[in-house]
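Q: model the structure of this input:
(2 chains)
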Amino acid sequence: MKIKWFDLLLFILPAFFLYTIFVVYPFISSIYLSLFNWVGVGAKKYVGLKNFFDVLFGSFKGEFFNAFWHNIYFFILVSIIEVSLGFIIALGLATQIKGYHIFRSIVYLPNVISMVLVGFIWGLILNPQIGLVNQFLKVIGLGSFTRPWLGDPSLAFNTIIAVNIWRHLGFYVLVMLAAIINIQPDFIEAAYIDGASNWDIVKNVIIPLTIPTAQTLILLLFIWSFSVFELVYALEGVQAGPFRSTDVLGTLFYRTAFGGLGSARMDLGLGAAIVTLMFIVILPISFIYVRLVERRRI
Amino acid sequence: MKKFLSILLVFVFSSLFLTISSGTENKVEIWSWRSQDAEVWARVEKELNKRGIPVKIDFRPFVATEYDAKVMLALQGGTGPDIFYARRLPGGRTQAIIDAGFIEPLDGKIKFTYFTSTTLKSIRSGGKTYGVPFALQVVGIFYNKDIYDKFGLKEPQTWDELINNCEILKKNGITPFFIPGKEAWTLVMQHAMCGVSILGPEWIRDLINGRTNFLDPKFVDLNRRLNDLKKYYQDGFLGNAVTDQDAAFAFGQAAMVFSGIWGLQTWRQLNPKVNVGYFMVPPLTKDNKPYAYVYMDGAFALVKGAKNRDMALKVLEFTATPDFGTIFSNITYNIPAVLGAKVPSDPLLLEVLEVSKKHASPYVYWVGSVFVTQKPSLYDDILAPGMQAMYAGKITPEELAKMAQDGISQWYKPLMKKK
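A: Model (predicted):
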């Protein structure tokens, strides 16, 4: 059948139009904006690459790299915990133990709660004086372990990561569960006939066959880890306290572009430089990762 | 039947259109970061309607940290309101809006008879007045009078007396101070209100002129005093927000808070029986005069090319009268910027009003100061994270002083020579 290019173009056009307006244009415009100083009103002042210099080597270097390492740390910790925990829970659910439907719904439930609400709920749960966590620790006689979970600089970021895991784990469980269920039952039956134990089957059949799914999840996690913002904002505000110990590139961008407190000057150009750098980090690493994964599959 | 239905539909749509269009004609849209003012504007609308001005006020509050960006982008995009709350000058954001020509000067259009020249100075640029100032804010230490009376404590005259009060309260199992340390701006406010009394206005003037700098031992000493004070704060104070503070203070779970007069409305709403007192941060010795951090909060600015300019001007005319000040202060317990208003005969409010007249520090380094007009700002970028870091034991009082000096000397010329 001959391909009718005009018809094909007609089908692509609506998506292309929307993609251009909502993705391509804002992206190019933010790169353009990163070459200016602009407070949001009035004339833009062309400064060339000065914003990038300020972010990478100048006055914002400290804040940028602090936030950048937090994103990396977030990615590493979240990848290890969410993917492995997601796999373990999915494995449990795949055995179809009694009531697994209910467990599956429970695990997925936090995913449907909006992030603002998650921030509000956990803000209360982690309150140093009246929060559920500290109250519970006191009741069971572990009062010495009570902490200001969101106010202690050595704990705050890990606490946010824990809340993030609570919020998103269900998604990873569902994806891993789908991957496990999709494994041909013949493989598992054959292994049993050959005398393999449950552990042997997990180690030699299930894990190798779910690795491609885990690799895709890790790639997604990498992209999501660099765009994390809402949860930090909801739990610690735009200042990403205590003293930037929870700062990520998303909050740094927000604070720089849209301002933080009082009457300090904001700079959309500087903010645009930060998001451009975020893109420069995410895009090549994602490409390299995809290539590496594809090469290994071949 | 068909004809009847068509006529009915035409009638319904035309009346709907007329209602909408008549509504928009008189509608004045006002944007603010102060959600507590919603009732004020409802009362203003009623009052103006009574006077034969058929205005409909559409008041829209936004989250304070998002407000400025929202206003700027809306003005740039031509979708702004008729009136917006402008932050005071000197201030980078309001100045940028003025420079871009988005605010209509009000000279000759509004009578500023009821404002002092000092108040108007905080919204004047290039000899023109860009808004109607609305509130004076006074910050200081607010205390629970019942707790103070219970332990026979008096308002401290010196810093040492304050420490002594804290000691007595702590020994009796009372939390002396409740600090919302998760919200870093409150720590900056605390630093600034202590600064005007402990460092004194002369020292701050010298700082502004470049005759001293943040590395001065006096500034380091202030940092150290604040750091030493933390043993009197509630456990885990870096994990608490302002809402926690308000509830704890209103219900007597802490004896004192560093706050602004704006808190009174909330404390009274939470617990009408709360017995609140106020004192300025005490100076180091009795020979020194205590000072209060007083600042003009902001002003109502008219957007150039406002959709309903004439009606918006009528609203602004009213906000420049004592009648508005009376409505404003009776609802919010804030001190109106307009003179001649009848503030509620509340002893605390009257005391704070008196303090604002007699003890306002003429030089400051927080809101309304030059140090917050550029980046890195002493407010957002230095003291906000720096105070949290010092309280968490991550940096020393000396390092906090160095942070301030290094940050501000990047762009503030008078401090550049001294490293």
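Q: just give the number of residues close to residue 286.
A: In the absence of a named chain, chain A is used. 15 (other C-beta atoms under 10 Å in any protein chain shown). Placement of C-beta: from N, CA and C, glycine included.
Q: switch to chain B, please.
A: 11.
Q: can you pull the contacts of it?
A: Taking C-beta atoms under 8 Å, 6 or more residues apart in numbering or on different chains, we find residue B:286 in contact with B:157, B:158.
Q: one more: residue B:239?
A: A:126, A:127, A:128, A:148, A:149, A:150, A:151, A:152, B:181, B:182.
Q: and it, how far from residue A:124?
A: 12 Å (C-beta to C-beta, to the nearest Å).
Q: and what of residue B:370?
A: On the measure of C-beta to C-beta, residue B:370 and residue A:124 end up 40 Å apart.
Q: how about the contacts of residue B:239 in JSON lines, adding neighbour count and distance to residue A:177?
A: Rendered in JSON lines, the data for the contacts of residue B:239 read as follows (neighbours: other C-beta atoms under 10 Å in any protein chain shown; distance: C-beta to C-beta, whole Å):
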{"residue": "A:126", "neighbour count": "25", "distance to residue A:177": "30"}
{"residue": "A:127", "neighbour count": "24", "distance to residue A:177": "35"}
{"residue": "A:128", "neighbour count": "24", "distance to residue A:177": "37"}
{"residue": "A:148", "neighbour count": "27", "distance to residue A:177": "37"}
{"residue": "A:149", "neighbour count": "24", "distance to residue A:177": "31"}
{"residue": "A:150", "neighbour count": "28", "distance to residue A:177": "32"}
{"residue": "A:151", "neighbour count": "29", "distance to residue A:177": "37"}
{"residue": "A:152", "neighbour count": "18", "distance to residue A:177": "36"}
{"residue": "B:181", "neighbour count": "28", "distance to residue A:177": "42"}
{"residue": "B:182", "neighbour count": "30", "distance to residue A:177": "38"}
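Q: more crowded one of residue B:370 and residue A:124?
A: residue B:370 (16 against 11).
Q: enumerate every residue touching the nearest residue to that one once chain neighbours are set aside.
A: In this structure, residue B:370 finds its nearest non-sequential neighbour in residue B:90, 5.9 Å apart by C-beta to C-beta, 6 or more residues apart in numbering or on different chains. Going by C-beta under 8 Å, 6+ apart, residue B:90 touches A:263, B:368, B:369, B:370, B:373.
Q: what does stretch A:181-190 rub up against?
A: By C-beta under 8 Å, 6+ apart, stretch A:181-190 touches A:94, A:201, A:205, A:206, A:209, A:210.
Q: hmm, try it at 6 Å
A: Contact partners of stretch A:181-190, identified using C-beta atoms under 6 Å, 6 or more residues apart in numbering or on different chains, comprise A:201, A:205, A:209.
Q: can you count the residues close to the second one?
A: Taking other C-beta under 10 Å as the criterion, the count of residues near residue A:205 is 17.
Q: looking at this, it is in a strand?
A: No - looking at residue A:205 with DSSP: H, G, I helix; E, B strand; the rest coil, it is helix, so not inside a strand.
Q: how many other residues sit next to residue B:413?
A: Each residue near residue B:413 was counted by other C-beta under 10 Å, and the total is 8.
Q: again with residue A:220
A: 15.
Q: what about residue 90, which helix or strand?
A: No chain was given, so I picked chain A. Using DSSP states H and E, residue A:90 maps to helix A:84-94.
Q: for that helix, packing partners?
A: helix A:156-181 (3 or more C-beta pairs under 6 Å, 6 or more residues apart in numbering or on different chains; DSSP states H and E).
Q: on that earlier part again, joint contacts of residue B:239 and residue A:124?
A: Joint contacts of residue B:239 and residue A:124 (C-beta under 6 Å, 6+ apart) do not exist.
Q: hang on, the earlier thing: buried sites along the helix holding residue A:90?
A: Buried residues in helix A:84-94, counting neighbours by 16 or more other C-beta atoms under 10 Å in any protein chain shown, are found at A:86, A:87, A:89, A:90, A:91, A:93, A:94.
Q: once you drop chain neighbours, what's closest to residue A:163?
A: Nearest to residue A:163 is residue A:122, by C-beta to C-beta, 6+ apart, at 4.9 Å.
Q: and the one you found, how far is that from residue A:140?
A: From residue A:122 over to residue A:140 (counting by C-beta to C-beta), the distance is 20 Å.
Q: contacts for stretch B:61-79?
A: With C-beta under 6 Å, 6+ apart as the criterion, stretch B:61-79 contacts A:40, A:41, A:238, A:258, A:259, B:32, B:33, B:35, B:80, B:84, B:93, B:102.
Q: revised request: answer the last question for stretch B:118-138.
A: B:86, B:88-89, B:98, B:103, B:105-107, B:260-261, B:292, B:294-297, B:299-301, B:316, B:319-320, B:334-335, B:337, B:352, B:356.
Q: filter the residues you listed to the buried ones?
A: B:86, B:88-89, B:98, B:103, B:105-106, B:260-261, B:292, B:294-297, B:299-301, B:316, B:319-320, B:334-335, B:337, B:352, B:356.
Q: inside strands: which ones of the residues you listed?
A: B:86, B:260, B:294, B:295, B:296, B:299, B:300, B:301, B:335 (DSSP state E).
Q: could you dump the residues you listed to a markdown table with pLDDT and distance to residue B:282?
A: Putting those into a markdown table (pLDDT from 0 to 100; distance: C-beta to C-beta, whole Å) gives the following:
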| residue | pLDDT | distance to residue B:282 |
| --- | --- | --- |
| B:86 | 93 | 34 |
| B:260 | 94 | 18 |
| B:294 | 91 | 17 |
| B:295 | 89 | 20 |
| B:296 | 89 | 25 |
| B:299 | 94 | 32 |
| B:300 | 96 | 36 |
| B:301 | 96 | 37 |
| B:335 | 90 | 22 |
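Q: kindly indicate which of those lies nearest residue A:110.
A: Within these, the smallest distance to residue A:110 is 37.5 Å, found for residue B:260 (C-beta to C-beta).
Q: against residue B:49, how distant is residue B:25?
A: For residue B:25, the distance to residue B:49 - C-beta to C-beta - is 14 Å.
Q: oh sorry, the question was meant for residue A:249
A: From residue A:249 to residue B:49 the distance is 50 Å (C-beta to C-beta).
Q: between these two, tell me which one has more neighbours.
A: Neighbours were counted for residue A:249 and for residue B:49 using other C-beta under 10 Å; residue A:249 has more, 24 against 14.
Q: and chain A, which of the buried ones among the contacts of stretch B:118-138 contact it?
A: Applying C-beta under 6 Å from any C-beta of the partner chain, the subset of the buried ones among the contacts of stretch B:118-138 adjacent to chain A is empty.
Q: which residues are in contact with residue B:252?
A: residue B:144 are the contacts of residue B:252 under C-beta under 6 Å, 6+ apart.
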